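A.B. asks: sequence below, structure please.
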Amino acid sequence: MPRSPQAKSPLHIALAFPLAQAHLQSLTLGITSYVKEDANWVLTTGGESGGLSIEQLKGWRGDGIIAALIQPSEAAAARRFMKAGIPVVTIAGALRKPGVPRVSVANGEIGKLAAEHLLTCGFRRFAFYGFQGVVYSRDRQEGFVGRIREAGFECNAHLSASTYGRRPWQDDVSGLRNWLERLALPVGIFAVNDFRARLLLDACQLAGIAIPSQAGVVGVDNNPMHCEFSQPGLTSIECDWYRVGFQAARTLHQMLQGQTPEPDCRSAPREVVRRTSTAVTLAQDARLLKAVTYISDHVGEVFGVERLLTVSDVSRRKLEQLFRAEMRMSPYQYLCQRRIERARMLLEGRPAPKLRQISRLCGFRDPRRFRIVFQRSQGLTPAQYRRAAQQKMMPA
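C.D. replies: Predicted structure coming up:
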């Protein structure tokens, strides 16, 4: 029987996953936050390599494990620990039935969010780049393709063999380039993660495919190393890995107390962080194209929908119809969205300009209006958003 978590001596918990990966650092912060609040644990991790596999824990005599179960052999190791009375929680979505409780991200919802973003950009051809035989990749693909088909379009796909533990992921660039050269352009492409999205950008460059006008690319995890240093900058879906870590620790705590937790708990993605790789609007109607182009070119100026009526030479009712048909939002909503995107980039900069200056650079009449629109969109005031962005950039 596992020891009671109320015992005076701390429980010994192993974190068997690669801490060096940026999104898993956020997950680790979620775990440690839970420990500080509700648990008396000592956490064991890997050494200088920054990673630890559950298979490396063979013979370990601790109290519980939070692991990333990627391979069937790792799931088998986890089940052996469970039989020995050491509870295990996995945070990975690579296996359909890992045999232990799982806390992870909602992969189907991630795919839907990627589809919504590319549809909003105006793409009408779509493709998915993922893995063969990896469950989280298949779930993301199904969510993406399902939403694309709801909108009346089809989706091409390129699936690579997983390189986990075998060969460098860069080796896939030749096959990826051949696939890209066969696609009809322009095309919106959803890559299963930021690693693969960055490789996709490299393959597009080798194939002479312009980003984002001929191919828009979206990744997953909003990893700064891949998103900010890619050429061009990579649009990515930010997942709430902090929440996953917090819930994984809570689930393990429940198991240590003899409770039966939810077998599969999923956290919804947070948002699409738009960068240059999808900074395009492919409007089918010339009048709409005039309006969205004007917004892109003049987003820092103070103007409203009335200016767009003059630019596009249509009635207000017609402009509303055009935006809702292709952009799936009103002209005002689209204008606000572009301004908020610019504001977020400025707020995340180092050093960030003063709020009054950001308000002016994003086309708002005054800081008060900027604050209202920003908070309505993001759920935070500009000042709160800037503080959160600065904290996220600080080393763990």
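
A.B. asks: going forward, measure contacts between C-alpha atoms and count neighbours the same way
C.D. replies: Will do.

A.B. asks: mind showing which ranges of the stretch 51-200 of the chain have poor pLDDT?
C.D. replies: 163-171 (pLDDT under 70).

A.B. asks: kindly report the same for the stretch 251-396 of the chain.
C.D. replies: Residue ranges of the stretch 251-396 of the chain with pLDDT under 70: 349-351, 390-396.

A.B. asks: how about the strands in it?
C.D. replies: Here the stretch 251-396 of the chain has its strands, by DSSP state E, counting those that start in this stretch, at 264-267, 271-273.

A.B. asks: who does the longest one touch, helix- and strand-wise?
C.D. replies: Using 3 or more C-alpha pairs under 8 Å, 6 or more residues apart in numbering; DSSP states H and E as the contact criterion, the secondary-structure elements in contact with strand 264-267 are strand 102-105, helix 241-256.

A.B. asks: of those, give the one that comes closest to Arg356.
C.D. replies: Closest to Arg356 of those, according to C-alpha to C-alpha: helix 241-256, at 31.2 Å.

A.B. asks: send me that closest one as CSV with only the CA atoms.
C.D. replies: As requested, the backbone C-alpha atoms of helix 241-256 are provided in CSV (Å, rounded to 0.1, in the frame of the first residue of the first chain):
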residue,chain,number,x,y,z
TRP,A,241,0.6,23.1,-20.2
TYR,A,242,0.8,24.8,-16.9
ARG,A,243,-2.7,23.6,-16.2
VAL,A,244,-1.9,20.1,-17.4
GLY,A,245,1.0,20.0,-14.9
PHE,A,246,-1.1,21.3,-12.1
GLN,A,247,-3.9,18.7,-12.8
ALA,A,248,-1.4,15.9,-13.3
ALA,A,249,0.0,16.6,-9.8
ARG,A,250,-3.5,16.7,-8.4
THR,A,251,-4.4,13.4,-10.1
LEU,A,252,-1.3,11.7,-8.7
HIS,A,253,-2.1,13.1,-5.2
GLN,A,254,-5.6,11.6,-5.5
MET,A,255,-4.1,8.2,-6.3
LEU,A,256,-1.7,8.4,-3.4
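
A.B. asks: what does that helix contact?
C.D. replies: 2-5, 23-24, 26-35, 39, 64-66, 87-91, 102-105, 260-262, 266-267 (C-alpha atoms under 8 Å, 6 or more residues apart in numbering).

A.B. asks: could you measure from Pro367 over to Val302?
C.D. replies: Separation of Pro367 from Val302 (C-alpha to C-alpha, to the nearest Å) stands at 12 Å.

A.B. asks: now Trp60
C.D. replies: Trp60 is 64 Å from Val302, by C-alpha to C-alpha.

A.B. asks: between those two, which one's more packed in?
C.D. replies: Val302 (14 against 11; other C-alpha atoms under 10 Å).

A.B. asks: contact partners for the more buried one?
C.D. replies: In this structure, Val302 makes contact with 363-365, judged by C-alpha under 8 Å, 6+ apart.

A.B. asks: who's in contact with Leu308?
C.D. replies: Leu308 touches 291, 294, counting by C-alpha under 8 Å, 6+ apart.

A.B. asks: that one and Arg287, how far apart?
C.D. replies: For Leu308 relative to Arg287 (C-alpha to C-alpha), the value is 10 Å.

A.B. asks: Gly146 too?
C.D. replies: 30 Å.

A.B. asks: then Arg316?
C.D. replies: For Arg316, the distance to Arg287 - C-alpha to C-alpha - is 12 Å.

A.B. asks: next one: His158
C.D. replies: 35 Å.

A.B. asks: Gln259 now?
C.D. replies: 61 Å.

A.B. asks: look at those two and report which has more neighbours.
C.D. replies: Arg287 (18 against 11).

A.B. asks: all helices of the stretch 1-150 of the chain, in order?
C.D. replies: Counting by DSSP state H, counting those that start in this stretch, the segments of the stretch 1-150 of the chain that form helices are 22-38, 72-83, 107-120, 135-150.

A.B. asks: Phe374 is nearest to which of these?
C.D. replies: Using C-alpha to C-alpha, the helices of the stretch 1-150 of the chain put helix 107-120 closest to Phe374, at 19.1 Å.

A.B. asks: for that closest one, name the packing helices and strands.
C.D. replies: Right, helix 107-120 is packed against helix 135-150, strand 187-191, strand 215-220, strand 235-238, strand 271-273 by 3+ C-alpha pairs under 8 Å, 6+ apart.

A.B. asks: tilt between that helix and strand 187-191?
C.D. replies: 160 degrees (axes from the mean of the first three to the mean of the last three C-alpha atoms, to 10 degrees).

A.B. asks: give me the contacts around helix 107-120.
C.D. replies: Helix 107-120 has contacts (C-alpha under 8 Å, 6+ apart) with 136-137, 139-148, 188, 190, 216, 218, 220, 237, 268-269, 271-272, 278, 281, 326-328.

A.B. asks: how distant is that helix from the center of its chain?
C.D. replies: Relative to its chain's centre, helix 107-120 lies at 10 Å (C-alpha atoms, centre = their mean, to the nearest Å).

A.B. asks: now do the residue nearest to Ala383 when sequence neighbours are not counted: how many residues are near it, please.
C.D. replies: Distances taken as C-alpha to C-alpha, 6 or more residues apart in numbering put Leu355 closest to Ala383, at 7.6 Å, once the chain neighbours are dropped. Using other C-alpha under 10 Å, Leu355 has 18 neighbouring residues.
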